[in-house]
Every structure is written in C-alpha cells, then in structure tokens.
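# The following block contains a protein sequence and its predicted model.
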Amino acid sequence: MLPFLSYCVLMSSTPGPNNMMLVASGAHHGYRRTLPAILGISTGNAVLTFVVCMGLGALFMRWPLLHDALRLAGTLYMLVLAWRLAGSSVAQDRPPERLRFWQGALLQAVNPKSWVRAVTIASVFMPTQLSVPAGALLLSVIGAFIGFPCVSMWALFGAAIGRFLSSPARRRTFNVIMAASLALLAVLLMR
C-alpha cells in the first residue's frame, strides 16, 4: 500500500494540467471559489481510475491508436484552455472564468497525465486478493482522498500569490505565464 500511496502523492503533487488550472483559478478567485473545481478534479480522477481498473486500460493496450487519439484530443483541449487563459484578461482585462465542478471532472477524460496515472494504477497496483470491482473501488477512493489535499495546495498557492496580481499588467503577465506553462505541459505530455 505504501508504494501506491506514494505514487498518488507524487502524481497529484507534481505540475500538470490540473494543477496549472488550479493555480490560475486560486490566484483569480481564491481557494473557496476554486473548491468546486478541486472536487471535480478529485471526482473525475476517481471515476477515471475506477473505469480504467475495470478494463478500459486493457482496451488501450489492445488498440494503442485509441490511446493516441485520446492523447491528441487531450493535448488540443489543453491548448484551447491555455489560449483562453492567455486571452481572457489580455483582451478584456478581467480574470478568466472560474473552473466549475463539471469542467474539473470532465478535464480528467482528456488529461494525459490523469490517463497515465489511471493506467499505471490499474496495471501495477490492483490488489489481487480482492474482486476487480472491489479493488477498483478501493484504489479509486484512496486515490481521491490522497489527491484532494495535494491539488488543494496548488489552489492555495494560487490564492497566496493572487494578492500580488492587483494591477492589470501583473494579471496579464501571470495569465500568459500560466497559459504558456499549460501549453508546454500539453505538448510534453503528448510525447
């Protein structure tokens, strides 16, 4: 169990599309208003992990082109998010829209890092002493509970630096940096 817990902490704590979006949301909207997105990300990851553990991962192993198509769609979606983030305050001098619960949950379906996490959990950490549904549920729930405080730290970091974004020029600079980081991550995850 310790390697699984360590893996969940590592995957949830390191930079990725979820965390870049949470930093930006925390900076512009504060932690409390970013909480629905955090819950959506945690829920979406749990559902994705459960579905992959139940067999979707085997489908991707059998037809790698399907996985490649999903990675491409995820990369394109993240590039669109980066474009919107960069353009939101530059064009209208206002913060980007707040990421909602359902957007955070659905982001996991096209987030390559979330897929890597779910497929690794399904292929490496599935408990053999439990039935497949029970093992999938156990890993999904534990992963969500481990991930929640990890991704929350990114939103709290964003909220902490948000007070330094009082001027429109600083907000624009911040949004462009966050958007460029998200775009770079999308391209790197495509490899």
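Happy to help now that I have it.

# Output the contacting helices and strands for the lengthiest helix in the chain.
Ranked by number of residues, the top helix in the chain under DSSP state H is helix 17-51. Counting contacts by 3 or more CB pairs under 8 Å, 6 or more residues apart in numbering; DSSP states H and E, helix 17-51 packs against helix 64-92, helix 101-110, helix 112-120, helix 132-162, helix 168-190. Glycine gets a C-beta too; all of them are placed from N, C-alpha and C.

# at 6 Å instead, please
If you count contacts as 3 or more CB pairs under 6 Å, 6 or more residues apart in numbering; DSSP states H and E, helix 17-51 packs onto helix 101-110, helix 112-120, helix 132-162, helix 168-190.

# deepest of those helices, which one?
With neighbours taken as mean count of other CB atoms under 10 Å, the helices and strands packed on helix 17-51 reach their highest mean count in helix 112-120, at a mean of 22.

# helices or strands up against that helix?
Using 3+ CB pairs under 6 Å, 6+ apart, helix 112-120 sits against helix 17-51.

# can you pull the buried residues of the helix it packs on?
Residues of helix 17-51 classed as buried: 17-31, 34-51 (neighbour count, 16 or more other CB atoms under 10 Å).

# How far off centre is the longest helix of the chain?
From the chain centre to the centre of helix 17-51 is a distance of 7 Å (CA atoms, centre = their mean, to the nearest Å).

# Just want the angle from that helix to helix 112-120.
Relative orientation of helix 17-51 versus helix 112-120 (axes from the mean of the first three to the mean of the last three CA atoms, to 10 degrees): 30 degrees.

# Below-threshold pLDDT in this protein: ranges please.
Across the chain, residues meeting the criterion (pLDDT under 70) sit at 57-58, 60-61, 67, 88-96, 189-191.

# Roughly how far does the most far-flung residue of the chain relative to its centre sit from residue 181?
Taking CA atoms, centre = their mean, the residue of the chain most remote from its mean C-alpha position is residue 129, at 30.0 Å. Here residue 129 is placed at a distance of 41 Å from residue 181 (CB to CB, to the nearest Å).

# What of residue 166?
Using CB to CB, residue 166 is found at 21 Å from residue 181.

# I'd like the helices and strands packed on helix 17-51 laid out as a markdown table, including distance to residue 76.
As requested, those are exported to a markdown table (distance: least, CB to CB, whole Å):
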| stretch | distance to residue 76 |
| --- | --- |
| helix 101-110 | 8 |
| helix 112-120 | 11 |
| helix 132-162 | 23 |
| helix 168-190 | 8 |
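
# Next one: residue 175 relative to residue 16, how far apart?
Distance from residue 175 to residue 16, counting by CB to CB: 18 Å.

# same thing with residue 124?
Relative to residue 16, and taking CB to CB, residue 124 is found at 19 Å.

# Residues contacting stretch 44-52, please?
Contacts to stretch 44-52, defined as CB atoms under 6 Å, 6 or more residues apart in numbering, come from residues 105, 108, 114, 118, 119, 121, 122, 136, 140, 143, 144, 147.
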